[in-house]
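In: dropping the sequence and predicted coords here.
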Amino acid sequence: AQTVTQSQPEMSVQEAETVTLSCTYDTSESDYYLFWYKQPPSRQMILVIRQEAYKQQNATENRFSVNFQKAAKSFSLKISDSQLGDAAMYFCAYRSGGSGGSNYKLTFGKGTLLTVNP
Amino acid sequence: KAGVTQTPRYLIKTRGQQVTLSCSPISGHRSVSWYQQTPGQGLQFLFEYFSETQRNKGNFPGRFSGRQFSNSRSEMNVSTLELGDSALYLCASSLFAGTTEAFFGQGTRLTVV
């Protein structure tokens, strides 16, 4: 079974600065996807960024980028120029990439609560 | 385009009762998944439906069940409620099973007293 570990229960960052959230995962599969989701107090999970395991290039979405180290099974999220609206719980998630009868469930880490200080 | 709609937003039930939660996916999406979120266990997969068929089920007791209708709307039911069932229940919709992008609703907060 796949597992996802987020070792930082809480992080804080000053507005306009950069912060990196850590995530490691364990899998025996070669085809999979990794995601970072954001859950603000409104509770709605919002997809921040995704990475396909077969792609060597790290994904980037505006101020959000990842450092995907496949051999180390590490998937960290870097938030640049942090804004007050970035304050939320961030979840790292794994999904199998197989086809047919594969289970497409998302396996989540426990989350990292990010506080942005003005 | 309307997002994923979950109803009700909040619910308070008594132990032993049953409850039904509803999820309307984004128009055109045919896959719906359900997750339970608690402070202790985090986010856990309940089940996934595609075209009215349950494709996968998580490790939950038989008191948790679900279904999907022909219009892709889904319901989940929990019978004989226990205090430990208190949680935020999240629904996610995808275009097809296996589509990488899942869109979540705002959840239903269930409190069992």
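Out: Okay, I see it. Numbers count the residues shown, from 1 in each chain, chains lettered A, B, ... in the order given.
In: pull up the pairing partners for the helix or strand harbouring residue A:11, direction included.
Out: Using DSSP states H and E, residue A:11 sits within strand A:10-14. Strand pairing for strand A:10-14, determined by DSSP bridges: strand A:112-117 (parallel).
In: still on that earlier bit, so which bits of the strand holding residue A:11 are buried?
Out: By 16 or more other CB atoms under 10 Å in any protein chain shown, the buried positions in strand A:10-14 come out as A:11, A:13. Where C-beta positions appear, they are placed from N, C-alpha and C, glycine not excepted.
In: which bits of chain A sit near chain B?
Out: Contact residues (CB under 8 Å from any CB of the partner chain) of chain A with chain B: A:33, A:37, A:42-47, A:50, A:52, A:91, A:95, A:99, A:102-111.
In: report the central residue of chain B.
Out: residue B:34 (3.5 Å; CA atoms, centre = their mean).
In: so where is chain A shaky, pLDDT-wise?
Out: A:98-102 (pLDDT under 70).
In: what does chain B give?
Out: Looking at chain B by pLDDT under 70, you get B:1.
In: list the contacts of the residue nearest to the centre of chain B.
Out: B:23, B:45, B:46, B:47, B:48, B:66, B:74, B:76, B:89, B:90, B:91, B:92 (CB atoms under 8 Å, 6 or more residues apart in numbering or on different chains).
In: now residue A:92
Out: Contacts of residue A:92 (CB under 8 Å, 6+ apart): A:4, A:6, A:21, A:23, A:25, A:34, A:35, A:36, A:75, A:77, A:108, A:109.
In: may I see the buried residues of stretch B:19-39?
Out: Buried, per 16+ other CB under 10 Å, within stretch B:19-39: B:19, B:21, B:23-26, B:29-37.
In: so which of these are in strands?
Out: B:19, B:21, B:23, B:24, B:31, B:32, B:33, B:34, B:35, B:36, B:37 (DSSP state E).
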